[in-house]
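>>> Fold the following for me, if possible:
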Amino acid sequence: MMTDEQQGKVIAQLTNTVVKLEVVAERHQSERLYHIRRTNIMVRLVSIFLTMLAMVNVYYLTVFSTDMFAIVDTIQELDGKVVMISSNMVNITETMASFDGYMDTMPAVSDATRSIAERMPRFGSAMGDIMVSMQQVDLDMKGVNGSMNLMNRHFFTITNNIEVMGTNVGQFAKPMGMLNRFLP
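This next block holds a predicted model:
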């Protein structure tokens, strides 16, 4: 058995230890609350930042979608204009072919010129120059006709490529258009 004095010492030590434990526990609790408050503030700040970032992203997505539809419209307009130019090129080619047909009748004119040159010696040199010039014009017109046919083929290729571009951009823009329902 313990004496009263020993019991008093043990109780004093226990009281002292309990007081120290309470102080340490209170300090740890206040540190924990401090860190919880800091964590809550950081979570709120990050949430606000992410919300602002989401709003900016939605805005840019809206602008991007609008721009994509404008590109599709421009490509469709370009396609219509290229088709119109292509039809004009076909008309020019047909006109050049008709003109080339007229040029094919020129050898008969050069024969007649040769005949005139034989009958009228003083016009001989001038008529010879005209005959050479007419042959050169005939050759040049055949070259122009070939070039027009080549341009016609190139415009056909351009028209097809623009149609493919319009289709591809339209396919790319479709998902953006579907998001417009969700955007403000």
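>>> hey, let's count contacts and neighbours off CA atoms from now on
Fine.
>>> what's the burial count for Thr62?
Other residues near Thr62 come to 19 when the count uses other CA atoms under 10 Å.
>>> For Leu50, give its distance to Arg44.
Counting by CA to CA, to the nearest Å, the separation of Leu50 from Arg44 is 10 Å.
>>> Repeat that for Gln135.
Gln135 is 89 Å from Arg44, by CA to CA.
>>> now do Val10
50 Å.
>>> Pull the contacting residues for Ser154.
Just so we're on the same page, residue 154 is His rather than Ser. The contact partners of His154, taken as CA atoms under 8 Å, 6 or more residues apart in numbering, number zero.
>>> Can you tell me the element it falls in?
helix 124-179 (DSSP states H and E).
>>> One more: Leu78?
helix 4-104.
>>> What about Ser65, how many residues nearby?
Counted with other CA under 10 Å, Ser65 comes out at 21.
>>> State the mean pLDDT of stretch 89-107.
Regarding stretch 89-107, the rounded mean pLDDT is 76.
>>> nope, stretch 16-28 is what I was after
Mean pLDDT, computed over stretch 16-28, is 91.
>>> Point out the other helices and strands that the helix holding Leu78 packs with.
The contact analysis (3 or more CA pairs under 8 Å, 6 or more residues apart in numbering; DSSP states H and E) places helix 4-104 against helix 124-179.
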